[in-house]
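Q: Okay, predicted coordinates and the sequence, questions at the end:
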Amino acid sequence: MNAKASRYHEVHARSMKDPEGFWREVAEEIDWVKPADKIFDPDMGLYGRWFVGAECNTCYNALDRHVERGRGEQTAIIYDSPVTNTKRNISYAEMLAEVKAFAAILQDHNVKKGDRVILYMPMVPEAIVAMLACARIGAVHSVVFGGFAPKELATRIDDSQPDLILTASCGIEVQRIVEYKPLLDAAIDLAKHKVKDVILLQRPQAKAAMTEGRDHDWATLRDAAIKAGKTADCVTVKATDPLYILYTSGTTGIPKGVVRDNGGHMVALKWSMHGLYGVKPGETWWCSSDIGWVVGHSYIVYGPLLHGATSVFYEGKPVGTPDAGAFWRVISEHGVVALFTAPTAFRAIKKEDPNGTFIRKYDLSKFRTLFLAGERADPPTVEWAEQQLQKPVIDHWWQTETGWCIAGNPVGLGTLPVKHGSPTVPMPGYDVRVVDEASREVARGTMGAIVIKLPLPPASLPTLWNQDARCREAYFTEFPGYYKTADAGFIDEDGYVYIMGRTDDIINVAGHRLSTGGMEEVLAGHPDVAECAVIGIADAMKGEVPCGFIVLKAGVDRDTKEIEKEVVALVREKIGPIAAFKLALTVPRLPKTRSGKILRGTMKKIADGESWTMPATIEEPKVLEEIGEVLKGRG
């Protein structure tokens, strides 16, 4: 590996050898009310805490300081909504004025430092205003996807116990309007914790009924606050105080509320915007996620604004709004230098436009880098994107719990050689290891459980909301001295990390541990396959056998049985008979969460005839019924 042009090895080595010195230096990029007494205190919390004794305000660092230093006229947010045919450029000064006013509205509703506020919102600028307004006054926000099922929303209300919920009348999908208010009303009725106030943004596409005495009209409050000149100053918080809670689904039915603190979060995200993504202040960056996901928190809202960049805020899809050229239109029109999206978005584009016809309709001259994350980026998709764009395509790996990248390719330090199938190398502060069931490190190239040696770097979760014991059990008990990622894979001789799937995606076929991710790579390499998923299904003889589900590219007009035979033969050729891969099924689409992750676990339960429940985060519930029908048809 020739990486002479990259400063990566020097930077990562320093973060390992002198973590406190490294992060103290990085923290100089943040404005502190009071600097830290200790950069890291190993005796605090579950594994130690960063920037102990420091005081700060995240909203000040995201908005006020840029305005104070002459960046007020620069665009902070570009709102691009093809589903409503709306575009708006919002400057840092305009965003600050809106946030100051809305923060005053929150205070008028008795929201104080440490109080929780739930946002049940679509992708509208008011959602960003609300997040930053909470941060401004030290309130803890918890964003829940608009359209989330009432039962799931109710569990989050009961866990975080907010006094106030912010919502909108509806969200807008490609072919339908999702009315939020009936879902929210049902959730409030179900929840044991009683919410006192709801502030409702009425969208023109659907008006919602107001509950007298509880519901307040967003626009009326906002206009009155602006007219009266109401503003709220930044409230000083501790670096170790919570900024937000973000829920992930829990196996017990009680959701896991991942806590993010203020200080470490700012430090790590500010470093990543240039160190990892190579973006400079003033440049236009686009993360095409949703604010309901950690990616949206980190790289639509906080990361770009802390860095003084311009962030594209997109209410649309990669295809269907209006076509497979949607992403290229946004990049061209707004001068985007780097895009961060999920591999599934590119698989959707590739499926609809396999020859890249739309790509060549747009001027992408300012565009430098494509970043992929959210689930494993299969090499065929990466190769297609490289061929079509003629730009670097960078896979990287991280989790809700870490808040930013664990392993990636640090463009700002000098890009390392790309190896397809690997998100490249650990970022500063991450000591990534591969171990066996007894926590013993395994040899390079050997599959095992991927763990991170403690302490975790800044921005990683300090705990779960009001669940220290559960956090310890979920992440720090199975492998003492390590954080359990629950991902499986290996590290090669060059130190490149390979994520082959979740730990439970490693299937045991007659005693052989095999990666479903490796089989998916082979299936995705077939010229007619747009998307695929491999699961292990129960087998009386071998314990488990793999089953592949394939979605064909648009326009493929061949006998599906022939294609299925071909992909079975491909796996036999590339991986060998040991994989016992004999079953491939063609399906119209794969069941996914709203972030694009394929619901392999639920598919496995259906295939094994086990009881299963509809996942709260699923994009289209009826897709699972289609999977069930296909499986029935094959016996």
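A: On my side now, so go ahead. Only a predicted model underlies this, so the values are computations on that prediction, with no experimental measurement involved.

Q: Would you tell me which helix is longest in this structure?
A: Longest helix in the chain by number of residues (criterion: DSSP state H): helix 92-108.

Q: what about it, distance to the chain center?
A: A distance of 26 Å separates the centroid of the chain from that of helix 92-108, by CA atoms, centre = their mean, to the nearest Å.

Q: The very next helix or strand once past it - contacts with which helices or strands?
A: Moving toward the C-terminus from helix 92-108, the next helix or strand (DSSP states H and E) is strand 116-121. Where contact means 3 or more CB pairs under 8 Å, 6 or more residues apart in numbering; DSSP states H and E, strand 116-121 is packed against helix 125-137, strand 140-145, helix 150-160, strand 164-168. C-beta here means a position set from N, CA and C on the backbone, and glycine is covered the same way.

Q: If you average the pLDDT over the last one, what comes out?
A: Per-residue pLDDT values over strand 164-168 give a mean of 98.

Q: circling back: how about a markdown table for the helices and strands packed on strand 116-121, with distance to T593 and mean neighbour count added?
A: A markdown table is the format used below for the helices and strands packed on strand 116-121 (distance: least, CB to CB, whole Å; neighbours: other CB atoms under 10 Å):
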| stretch | distance to T593 | mean neighbour count |
| --- | --- | --- |
| helix 125-137 | 19 | 26 |
| strand 140-145 | 10 | 25 |
| helix 150-160 | 12 | 21 |
| strand 164-168 | 21 | 26 |
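
Q: Of all these, which one is nearest A377?
A: Closest to A377 of those is strand 140-145 (CB to CB; 23.5 Å).

Q: circling back: least reliable of the helices and strands packed on strand 116-121 going by mean pLDDT?
A: helix 150-160 (a mean of 91).

Q: and the angle from it to strand 140-145?
A: On the basis of axes from the mean of the first three to the mean of the last three CA atoms, to 10 degrees, helix 150-160 is oriented at 170 degrees to strand 140-145.

Q: Compute the inter-axis angle for helix 150-160 and strand 164-168.
A: Using the same axes, to 10 degrees, helix 150-160 lies at 150 degrees relative to strand 164-168.

Q: does T602 count as helix, strand or coil?
A: Secondary structure, DSSP: H, G, I helix; E, B strand; the rest coil: T602 is helix.

Q: Next, the contact list for I172, please.
A: Shown in contact with I172 (CB atoms under 8 Å, 6 or more residues apart in numbering): V83, T84, P122, V178, R203, Q205, E315.

Q: The first one sits in which helix or strand?
A: Which is V83. Applying DSSP H and E, one finds V83 in no helix or strand.

Q: try the fourth one
A: The secondary structure element spanning V178 is strand 177-179 (assigned by DSSP H and E).

Q: Could you rank the contacts of I172 by neighbour count and give me the top one?
A: Taking other CB atoms under 10 Å as the neighbour criterion, P122 ranks highest of these with 28 neighbours.

Q: hang on, the earlier thing: tell me which of the helices and strands packed on strand 116-121 lies nearest to Y498.
A: strand 140-145 (30.7 Å).

Q: That closest one - contacts with which helices or strands?
A: Strand 140-145 sits against strand 116-121, helix 125-137, helix 150-160, strand 242-248, with contacts defined as 3+ CB pairs under 8 Å, 6+ apart.

Q: can we see that at 6 Å?
A: The contact analysis (3 or more CB pairs under 6 Å, 6 or more residues apart in numbering; DSSP states H and E) places strand 140-145 against strand 116-121, helix 150-160, strand 242-248.

Q: before we move on, the earlier item: make TSV from the contacts of I172 and add distance to V529 and pLDDT to it.
A: Formatted as TSV, the contacts of I172 follow (distance: CB to CB, whole Å; pLDDT from 0 to 100):
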residue	distance to V529	pLDDT
V83	29	95
T84	34	96
P122	33	95
V178	31	90
R203	39	97
Q205	37	95
E315	30	96
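
Q: and which of these is nearest to I245?
A: Nearest member of the contacts of I172 to I245, counting by CB to CB, is P122, at 19.8 Å.

Q: domain parsing for this protein?
A: Listed by automatic domain parsing, the domain ranges of the chain are 8-316+396-489, 512-633.

Q: Can you tell me which of these is most buried?
A: With neighbours defined as mean count of other CB atoms under 10 Å, the domains of the chain peak in mean count at domain 8-316+396-489, which reaches a mean of 20.

Q: on that earlier part again, what's the mean pLDDT across the longest helix of the chain?
A: Per-residue scores along helix 92-108 average to 98.

Q: do stretch 478-485 as well
A: Confidence over stretch 478-485 (mean pLDDT, whole number) is 96.

Q: Any chance you could list what contacts it?
A: S439, I450, V451, I452, K453, L454, L456, Y475 (CB atoms under 6 Å, 6 or more residues apart in numbering).

Q: Redo the residues you listed as a markdown table? Include secondary structure and distance to A101.
A: Formatted as a markdown table, those follow (DSSP: H, G, I helix; E, B strand; the rest coil; distance: CB to CB, whole Å):
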| residue | secondary structure | distance to A101 |
| --- | --- | --- |
| S439 | coil | 53 |
| I450 | strand | 45 |
| V451 | strand | 46 |
| I452 | strand | 41 |
| K453 | strand | 46 |
| L454 | coil | 43 |
| L456 | coil | 37 |
| Y475 | helix | 39 |
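
Q: Can you tell me which of those lies closest to V33?
A: L456 (24.8 Å).

Q: which residue packs closest to the closest one, ignoring adjacent ones?
A: Y483 (5.6 Å; CB to CB, 6 or more residues apart in numbering).

Q: Now the phi/psi pair for the one you found, please.
A: As for Y483, its main-chain torsions (degrees, to the nearest 10) stand at phi -90, psi 130.

Q: repeat for V545
A: Here is the backbone geometry of V545 (degrees, to the nearest 10): phi -130, psi 150.

Q: out of the domains of the chain, nearest to I349?
A: Closest to I349 of those, according to CB to CB: domain 512-633, at 9.8 Å.

Q: which residues of this protein score low on pLDDT?
A: Applying pLDDT under 70 to the chain picks out residues 1-4, 249-253, 503-506, 508, 510-513, 541, 576, 578, 595, 634-635.

Q: in the stretch 401-550 of the chain, which spans are strands?
A: Residue ranges of the strands in the stretch 401-550 of the chain, as given by DSSP state E, counting those that start in this stretch, are 405-408, 425-426, 432-435, 448-453, 482-491, 497-502, 506-509, 512-515, 529-539, 543-552.

Q: Out of those strands, the one nearest W32 is which?
A: Nearest to W32 among those is strand 405-408 (24.0 Å), distances taken as CB to CB.

Q: In its sheet, which strands sit next to that closest one, and in what direction?
A: Strand pairing for strand 405-408, determined by DSSP bridges: strand 397-398 (antiparallel), strand 425-426 (antiparallel).

Q: contacts for it?
A: So strand 405-408 is contacted by L276, H396, W397, W398, P423, T424, P426, M427, Y430, V497 (CB under 6 Å, 6+ apart).

Q: who's in contact with the last one?
A: Residues in contact with V497, defined by CB under 6 Å, 6+ apart, are A407, V432, I491.

Q: out of the contacts of strand 405-408, who's nearest G536?
A: Using CB to CB, W397 comes nearest to G536 of those, at 22.1 Å.

Q: Tell me which residues touch the closest one, please.
A: Applying CB under 6 Å, 6+ apart, one finds that W397 lies in contact with I406, A407, P423, I499.

Q: shouldn't the third one be in contact with I394?
A: The one in question is P423. No: applying CB atoms under 6 Å as the test, P423 and I394 come out as separate, 8.2 Å apart.

Q: Go ahead and confirm A324 touches I349.
A: Yes: using CB under 6 Å, A324 is in contact with I349, at 5.1 Å.
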